[in-house]
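Chemist: make a model of this:
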Amino acid sequence: MGQGIRAAGLPRDEVFVTTKVWNDRQGDARAAVLESLGRTGLDRLDCVLIHWPAPWRGTFLRAWEALAALREEGVVTSIGVSNFDAAQVDRLAEATGVAPVLNQVECHPRLQQARLRAAMRERGIVVQGWTPLGQGRSFDAVRPIAERLGRTPAQVVLRWQVEIGNAVIPRSVRPERLRENAAIWDFALTAEDHALIEALEAGDRCGPDPATFG
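Modeler: Coordinates of the predicted model:
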């Protein structure tokens, strides 16, 4: 990634780099972050997240303290978490006085995380949806919306994500798909569209359950 950024010749301020601290590095988060920084060859990291809470390890608070210190030093611009519930987020803030700027969680039409999204909104924390397309499991259901709008089902789902207030991180290695994913800013969904998508909630995870993973 660092080689790619340098080869692209983009100004540093036009690139936003996020990395994560893995579960078995929570007790040594400072070193983990500095190693990531060294591998990228950048002067700073824009955001660092704790990847999973893995609460039985008892180390995510120690990792958070390390991230807060790195932010104070200017090594990292912003710090956040991934796959944390509201109680875990509150524990971080209460213990350190520093709240995450972002909580990256699985979110898509079949797992909408409405209660967690509301809790994060109340705390001023951005929700970022990973697997935002839900591996395409809702595409057939939203296809009538897509056809009416002259869009793809993926574009409809991504537009729904941003309209409910989520940041999203779809991924692809295909340039045409990257362009498609980015072309969601010149149309809007109706209240009826939102109702149809909300009815798709099924508690259907594509990834592991944060309560037990790690």
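
Chemist: rest of the way, CA atoms for contacts and neighbours
Modeler: Noted.

Chemist: where does pLDDT dip in the protein?
Modeler: Across the chain, nothing is flagged by pLDDT under 70.

Chemist: ok, which stretches of it are strands?
Modeler: 18-21, 45-50, 76-82, 102-106, 126-130, 167-168 (DSSP state E).

Chemist: out of the ones you listed, which is closest to R159?
Modeler: In terms of Cα to Cα, the element of the strands of the chain nearest to R159 is strand 167-168, at 9.7 Å.

Chemist: show me the contacts for D140.
Modeler: Applying Cα atoms under 8 Å, 6 or more residues apart in numbering to D140 gives the contacts P153.

Chemist: neighbours around I164, how many?
Modeler: Here the count is done by other Cα atoms under 10 Å, and I164 has 12 residues near it.

Chemist: buried stuff in the lengthiest helix in the chain?
Modeler: Criterion DSSP state H: the longest helix present in the chain is helix 60-73. For helix 60-73, a neighbour-count test (16 or more other Cα atoms under 10 Å) marks F60, L61, A63, W64, E65, A66, L67, A68, L70, R71 as buried.

Chemist: so how far is P132 from the first one?
Modeler: Put plainly, it is F60. To P132, F60 is 25 Å away according to Cα to Cα, to the nearest Å.

Chemist: separation between L45 and R171?
Modeler: 20 Å.

Chemist: please apply the same query to R57.
Modeler: As judged by Cα to Cα, R57 and R171 stand 30 Å apart.

Chemist: ok, back up a step: format the buried residues of helix 60-73 as JSON lines; extra columns: distance to E35.
Modeler: Formatted as JSON lines, these follow (distance: Cα to Cα, whole Å):
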{"residue": "F60", "distance to E35": "19"}
{"residue": "L61", "distance to E35": "20"}
{"residue": "A63", "distance to E35": "15"}
{"residue": "W64", "distance to E35": "17"}
{"residue": "E65", "distance to E35": "17"}
{"residue": "A66", "distance to E35": "14"}
{"residue": "L67", "distance to E35": "13"}
{"residue": "A68", "distance to E35": "17"}
{"residue": "L70", "distance to E35": "13"}
{"residue": "R71", "distance to E35": "16"}
